[in-house]
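*Asks:* please work out how this folds:
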Amino acid sequence: MISLNTNLTYKNDKLDYLLSLNNNNINQLILDSGTLYAINILNNNPTIKDNNFDFNFLNNQDIIKYQEKIIDLQTKLDLLNSNYTQLISNTIDNNVSDICNKQNNIIINTIKDNNNNSSILSIEKKINNIDSTFSSYFEKFIKGNIEKGNFGEKFIENFLYDKFSNCSIVDTHKETSFGDLIFSYNELKTLVESKNVQTCKKEDFNKFFRDVELRATNNEINSALYISLNDTGLLNNTKYFNFQFRNNIPIILISNAFNNPEFIRFSIILLDNINLFLKNQKTHFDINNFINNLNNILNIVMNQFEYIDSDKKLISKLQININNREKDLNIIHQQITNLIKNNSSKQINTIQNIEDDIIKIILNEMNKNKHFKLTLKSLLDLNISAYDIKKLGGIKNITTKIKENKKIII
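*Replies:* Numbering: from 1, shown residues only. Okay, the predicted model is just below:
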């Protein structure tokens, strides 16, 4: 805790507010900035030590204004570090550090070298540069839908390449009405739309179907796949999986693909087989009946995924229990080891040790008391338990042991 004395009339509401934030970084900035100005002024004006020294010429209001801007930038930096750590570490961490270090050094050097209006104007210019730079970065990450979308597309693309090694993928997300990817595998040509959002809106689906209609009409695709990476709803209040047949091509919509990437592979395999089935049809068949039957089958399949999710939770709980048991066993093992280690040097009370101790007690008592008689009561009075007396064969046997000791004659 730092305590500073001031004039009785001193009052600074803005300082009181900053101190009330209880932010260590801001407090240190106030002290460092104040120290820097005080040292400069003291070097140029030794009379500052006089309590009557006039500070008016220092233009304190300007200084406070720029201190506030610096504090505002520090607050932005704290927010950036706390909320976007992962993104910054991958993209702008080094840039932000370089900008802060360079601009901070320039400002400090400027303040040290000059304490006049021109230096203040220079400080203002540097601060504005930093503020502008931070604003551009904040705008980029606060409005980061593009970055999220690119990440989702790359996730899907990598998965498809991994599971279908002989496929080809064309990135079309910058082309008009072409989805995000065109996936080719065997005779399959699939328009893939990727969504990395928390809620899929009606217009998202409408745009997808318009793109599919355009490309199917031009015979550029023979299937389509809509992938919602998060656990969102699909058409008609369905979740996880939805099958459509439009423009004479099969269309599948899936959700929660981040947690269940196998949905993607399952969909591609299904589209490939449907496409092959349709190609080999030589006679007319009821497409509506086919779709209804297929949807019934798929509903059963989707139930299996729900069972799997439930099983995963049970397995996870079981793993926690196993880990806790293993932890307890390790503790027990360690305690047993410590118990053995701590008592390994202690002598174990064998019958022989008990006998030797009892005989020693009796002989010491006989040496002190010439009238001592070996009886059950006298031994009990010496804190020799009846159990030990019995274990050594009783009074008669103990008497024999005493005589054999040959230290005294009874």
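
*Asks:* so Pro250 bridges to which residues?
*Replies:* Phe245 (DSSP bridges).

*Asks:* for it, give me its contacts.
*Replies:* Taking Cβ atoms under 8 Å, 6 or more residues apart in numbering as the criterion, Pro250 is in contact with 223-224, 243-244, 270-271, 274-275, 278. Quick note: C-beta positions are derived from backbone N, CA and C, even for glycine.

*Asks:* hmm, Phe183 is touching Lys163, no?
*Replies:* No: counting by Cβ atoms under 8 Å, Phe183 stays clear of Lys163, with 11.1 Å between them.

*Asks:* now do the shared contacts for the two.
*Replies:* Ile268.

*Asks:* which one of those two has more residues nearby?
*Replies:* Shown here are Phe183 and Lys163; by other Cβ atoms under 10 Å, Phe183 has more neighbours (25 against 15).

*Asks:* look at the residue nearest to the more buried one when sequence neighbours are not counted and report its pLDDT.
*Replies:* Distance criterion Cβ to Cβ, 6 or more residues apart in numbering; nearest residue to Phe183, sequence neighbours excluded, is Thr190 at 4.4 Å. With respect to pLDDT, Thr190 has a value of 95.

*Asks:* wait, is Thr190 part of a strand?
*Replies:* Yes: membership of Thr190 in a strand is supported by DSSP: H, G, I helix; E, B strand; the rest coil.

*Asks:* distance of it from Asp381?
*Replies:* Distance of Thr190 to Asp381, computed by Cβ to Cβ, to the nearest Å: 100 Å.

*Asks:* helices of the stretch 151-300 of the chain, start to end?
*Replies:* For the stretch 151-300 of the chain, helices defined by DSSP state H, counting those that start in this stretch occupy the ranges 202-217, 262-279, 287-343.

*Asks:* most neighbours per residue, which of those?
*Replies:* helix 262-279 (a mean of 17; mean count of other Cβ atoms under 10 Å).

*Asks:* that one packs against which elements?
*Replies:* Helices and strands touching helix 262-279, by 3 or more Cβ pairs under 8 Å, 6 or more residues apart in numbering; DSSP states H and E, are helix 145-163, strand 181-185, strand 188-195, strand 223-228, strand 249-254, helix 287-343.

*Asks:* may I see these arranged in CSV, with distance to Asn405 as well?
*Replies:* Listed next are the helices and strands packed on helix 262-279 as CSV, based on distance: least, Cβ to Cβ, whole Å:
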stretch, distance to Asn405
helix 145-163, 88
strand 181-185, 99
strand 188-195, 97
strand 223-228, 95
strand 249-254, 94
helix 287-343, 31
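
*Asks:* which one of the ones you listed lies closest to Gln28?
*Replies:* Closest to Gln28 of those is helix 145-163 (Cβ to Cβ; 33.3 Å).

*Asks:* tell me which of the helices and strands packed on helix 262-279 sits nearest to Lys201.
*Replies:* Nearest of the helices and strands packed on helix 262-279 to Lys201, taken as Cβ to Cβ: strand 188-195 at 9.6 Å.

*Asks:* what does stretch 233-242 rub up against?
*Replies:* Contacts for stretch 233-242 (Cβ under 8 Å, 6+ apart): 199-200, 205, 226, 228, 231-232, 244, 252-256, 260, 263, 267, 298, 301-302, 305.

*Asks:* so for that stretch, what gets flagged as buried?
*Replies:* 234, 240-242 (16 or more other Cβ atoms under 10 Å).

*Asks:* looking at those, which is nearest Leu392?
*Replies:* Tyr240 (81.1 Å).

*Asks:* go ahead and confirm Ala216 touches Ile251.
*Replies:* No: Ala216 lies out of contact with Ile251 (Cβ under 8 Å); the separation is 9.3 Å.

*Asks:* which residues are in contact with both of the two?
*Replies:* Each of Ala224 lies in contact with both Ala216 and Ile251 under the rule Cβ under 8 Å, 6+ apart.

*Asks:* tell me how many other residues crowd Ser378.
*Replies:* Residues contacting Ser378 under the criterion other Cβ under 10 Å number 15.

*Asks:* wait, what's in contact with it?
*Replies:* Phe372.

*Asks:* ok, Ile252 next?
*Replies:* Ile252 sits next to 223-226, 241-244, 267, 270-271 when contact means Cβ under 8 Å, 6+ apart.

*Asks:* which of those lies closest to Leu339?
*Replies:* Distance to Leu339 across these (Cβ to Cβ) is lowest for Phe241, with 58.6 Å.

*Asks:* quickly list what the closest one is bridged to.
*Replies:* Counting by DSSP bridges, Phe241 is bridged to Ile254.

*Asks:* and the contacts of stretch 276-283?
*Replies:* 186-187, 250.

*Asks:* let me know the average pLDDT across that stretch.
*Replies:* Average pLDDT, stretch 276-283: 74.

*Asks:* got it, and stretch 375-384?
*Replies:* Per-residue pLDDT over stretch 375-384 has a mean of 87.

*Asks:* now do the buried residues in it.
*Replies:* Result for stretch 375-384 [16+ other Cβ under 10 Å]: buried residues 379, 384.

*Asks:* also stretch 355-368?
*Replies:* Buried, per 16+ other Cβ under 10 Å, within stretch 355-368: 355, 358-359, 362, 366.

*Asks:* can you put the residues you listed in JSON lines and add secondary structure?
*Replies:* Below are the buried residues of stretch 355-368 laid out as JSON lines (three-state DSSP):
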{"residue": "Glu355", "secondary structure": "helix"}
{"residue": "Ile358", "secondary structure": "helix"}
{"residue": "Ile359", "secondary structure": "helix"}
{"residue": "Ile362", "secondary structure": "helix"}
{"residue": "Met366", "secondary structure": "helix"}
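
*Asks:* pLDDT weak spots in the stretch 101-250 of the chain?
*Replies:* Under the criterion pLDDT under 70, the flagged ranges of the stretch 101-250 of the chain are 101-149.

*Asks:* perfect, I'm done here.
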